[in-house]
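> what's the 3D shape of this:
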Amino acid sequence: MSKYILVTSGVCSSLGKGVASSTIASLLESSGLKVAMMKCDPYINVDAGNISPYQHGEVYVTEDGAETDLDLGNFSRFTNINLTNENCISIGKVYENVIRNERAGRYNGRTVQVIPHITDEIKRCIRHIGTTSGADVVVVEIGGTVGDIEAVPYLEASRQFARELGKENVISIHLTLIPVITGGELKSKPTQNSVKQLQQVGIQPDILICRCEAPVEDSLKKKIAQFCNVSAESVFVSPDVEKSIYELPVIFHEQKIDSVILNKLKITNKKTDVRQWTDFLKKLNNPKSSVTIALVGKKDYLDNCYKSVQESLFHAAVTGNNSELIIKKIDAETLEKSTEIDSFFNDADGIVIPGSYGQRGFLGLIKTVTYAREHKIPYLGIDLGMQLMAIETGRNLCNWEDADTTEFMSNSTHPVISLPEEQQGPSDGGIKLGSSSVKLTEGSKLHSIYKTAVITERHRSKYAFDRHYTKDMEDNGLTITAMSVSDNQAEAFEWNNHPWGIGVQYHPEFVSRPAKPHPLFNSFILAALDNHKK
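Below is the predicted model of the structure:
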């Protein structure tokens, strides 16, 4: 039977519960255990597909096409787990399942209530991960914070789950905050209150992880332990890291949190090997060069909006090219209004336009593509970033002033990007999600990067290039170099007579890991480094 770790948090959101959960899972995996992970989100949305990235960060797409919380990206990058739709539930999905069961008469006429029906469904989903994965340990992140009304069903289900399976099979880890107030004093009261709230719903944490920007002395740990009814050896600190969240596995291991967890779960004869993380940190702390990448996005975007893209660039810079990565964030709307474009890109070694939705900043993005093409700067376009290559070619080289995507201009006379059904071709309609096969053109730069003819990549797209314009693009130096196996849609563009200009319809960022950078990002960073030397 699988054992379970339930991770909760209090005081405030965005303390890093997903990163802490991922770090714990990584350490257990490095101990030789088979690990599974799960995220329980408190929002009523059925999934994260329609949530604005400005509110909730990027949407992470799994191999089977689930649109999930960005924390699953952390799960994937810290571990070797292959995540699916079942690794993430929302309270909306839970209610949907329960209501579907009620409509099918599966509750035999009983009144459907939060307890037992909602909590039973939550527990069923958690158990299901353990059963189907065959994992030794399942790390379950409970979203939200203690005290949130939305989190109540999850906390109640967690209380029941721990009681049913017993202390040796389920432990509770609570992440909380130690703020530093004026004068540099560390205050433990928020942690005490958070734990009291957790105890009020019937959950006694076994381990505390305290987020703090300053070192925490043993005396304060003992005080926290006394007030929170845990041993001092079970109080750990998650500090602000200097360069990367990938420092945390080593920091946690040095505090021996993995040993305490294994002891509480009665798992013996395991020794954690963190060499993959220490090797990564050696490269991080001893770069041989530096590379600056301009990341062009929507107005005032938060880092979490393009989290996986930034992490993939980071992996490729550090592991793949032993270099320091400097990301220069550029606002497409500000660029749109400016006439001094050189000032935005004069120090950029490479340019990336990640996938995004909406027309805001569109002309700024077009300016970016033009600049990268004309100035021979390595360019990587993902999803919309690829589609912009066709639109920019249509407008600036084919002289079609209204070349556009029907997503933004439904009455364009040159809709180079449109819905498949608008192209008079067969289509199932809807958004293309999850992994599918892509055939690469032999002799293309993509083919030389992947070193194979057929690849599998994840998708999250609805609009596609209209292949009626293929010859127009080719006549002006833009070539299709990859095609979807399933529907024969264009999957990649490359600029001719350009050192490195590639756009892809798929999302390579979702499979990159610190120790195994994605080859496309690896090649892009290498090209940017070559450009830096010029």
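
> Pop out the phi and psi values for the closest residue in space to residue 155 that isn't next to it in sequence.
Of all residues not flanking residue 155 in the chain, residue 201 sits nearest, at 4.8 Å (CB to CB, 6 or more residues apart in numbering). All C-beta atoms are positioned from the backbone trio N, CA, C, and that covers glycine. Main-chain dihedrals, residue 201, degrees, to the nearest 10: phi -90, psi 10.

> Likewise for the one 10 residues further on?
Dihedral pair for residue 211: phi -80, psi 130, per degrees, to the nearest 10.

> Run through the bridge partners of it.
residue 177, residue 238 (DSSP bridges).

> what's around it, how many residues?
By other CB atoms under 10 Å, 22 other residues sit near residue 211.

> And it, how far from residue 448?
From residue 211 over to residue 448 the distance is 45 Å, taken as CB to CB, to the nearest Å.

> Low-confidence regions, the stretch 201-350 of the chain specifically.
For the stretch 201-350 of the chain, the stretches with pLDDT under 70 are 299-302.

> could you redo the last one with a cut-off of 90?
213-216, 242, 297-305, 338-340 (pLDDT under 90).

> contacting residues around residue 191?
Contact analysis of residue 191 by CB atoms under 8 Å, 6 or more residues apart in numbering lists 10-11, 176-178, 208, 210, 224, 228.

> Using TSV, please lay out those together with neighbour count.
TSV is the format used below for those (neighbours: other CB atoms under 10 Å):
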residue	neighbour count
10	26
11	20
176	29
177	19
178	22
208	23
210	23
224	22
228	22
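
> Closest one of the residues you listed to residue 486?
residue 10 (46.0 Å; CB to CB).

> out of everything not next to it in sequence, what's closest to the closest one?
Leaving aside its chain neighbours, residue 10 sits nearest to residue 194 (2.9 Å; criterion: CB to CB, 6+ apart).

> Give the buried residues for the helix or strand the one you found falls within.
Following DSSP states H and E, the helix or strand that holds residue 194 is helix 189-200. For helix 189-200, the neighbour count (16 or more other CB atoms under 10 Å) marks 190-195, 197-198 as buried.

> Just the CA atoms of that helix, as PDB, please.
Output in PDB follows, covering the C-alpha atoms of helix 189-200 (Å, rounded to 0.1, in the frame of the first residue of the first chain):
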ATOM      1  CA  LYS A 189       2.900  34.200  16.000                       C
ATOM      2  CA  PRO A 190       1.600  33.800  12.400                       C
ATOM      3  CA  THR A 191       3.000  30.300  12.400                       C
ATOM      4  CA  GLN A 192       1.400  29.500  15.800                       C
ATOM      5  CA  ASN A 193      -2.000  30.900  14.600                       C
ATOM      6  CA  SER A 194      -1.800  28.900  11.400                       C
ATOM      7  CA  VAL A 195      -1.100  25.700  13.100                       C
ATOM      8  CA  LYS A 196      -4.000  26.400  15.600                       C
ATOM      9  CA  GLN A 197      -6.400  26.800  12.700                       C
ATOM     10  CA  LEU A 198      -5.200  23.500  11.300                       C
ATOM     11  CA  GLN A 199      -5.600  21.800  14.700                       C
ATOM     12  CA  GLN A 200      -9.100  23.200  14.900                       C
END
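
> So what's the gap between it and the chain middle?
Here helix 189-200 shows a centroid-to-chain-centroid distance of 30 Å under the convention CA atoms, centre = their mean, to the nearest Å.

> Let's test this: mean pLDDT of it, rounded?
On average, the pLDDT along helix 189-200 is 95.

> Give me the three-state assignment for the residue of the chain positioned farthest from its centre.
Centroid-distance maximum for the chain: residue 109 at 41.8 Å, with CA atoms, centre = their mean. Residue 109 carries the three-state label coil when classified by DSSP: H, G, I helix; E, B strand; the rest coil.

> so what's the residue nearest to residue 155 up against?
By CB under 8 Å, 6+ apart, the contact list for residue 201 reads 146, 152, 155-156, 159.

> repeat that for 7 Å
The contact partners of residue 201, by CB atoms under 7 Å, 6 or more residues apart in numbering, come to 155-156, 159.

> who wins for most neighbours among those?
Neighbour counts for those, by other CB under 10 Å, peak at residue 155, which reaches 24 neighbours.

> hang on, it in a helix?
Yes: Residue 155 forms part of a helix when assessed by three-state DSSP.

> From residue 306, how far out is it?
Relative to residue 306, and taking CB to CB, residue 155 is found at 32 Å.

> Also residue 132?
32 Å.

> and if you look at residue 347?
20 Å.

> try residue 22
Counting by CB to CB - residue 22 and residue 306 are separated by 19 Å.

> Skipping adjacent residues, who's closest to residue 304 in space?
Nearest to residue 304 is residue 57, by CB to CB, 6+ apart, at 3.3 Å.

> and what of residue 467?
With sequence-adjacent residues excluded and distances taken as CB to CB, 6+ apart, residue 467 is closest to residue 490, at 6.3 Å.

> who's in contact with stretch 12-23?
With CB under 7 Å, 6+ apart as the criterion, stretch 12-23 contacts 7, 9, 37, 71, 74-75, 78-79, 139, 141, 145, 175, 177, 209, 211, 238, 245, 248-249, 252.

> tell me the phi and psi of residue 354?
As for residue 354, its main-chain torsions (degrees, to the nearest 10) stand at phi -80, psi 170.

> need the contact list for it.
By CB under 7 Å, 6+ apart, the neighbours of residue 354 are 297, 306, 309, 382, 385.

> Can you show me the strands along the stretch 401-534 of the chain?
Here the stretch 401-534 of the chain has its strands, by DSSP state E, counting those that start in this stretch, at 404-405, 415-418, 432-440, 454-461, 464-465, 478-484, 490-495, 501-504.

> Reformat these as TSV; add mean neighbour count.
TSV is the format used below for the strands of the stretch 401-534 of the chain (neighbours: other CB under 10 Å):
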stretch	mean neighbour count
strand 404-405	24
strand 415-418	24
strand 432-440	18
strand 454-461	19
strand 464-465	25
strand 478-484	21
strand 490-495	24
strand 501-504	26
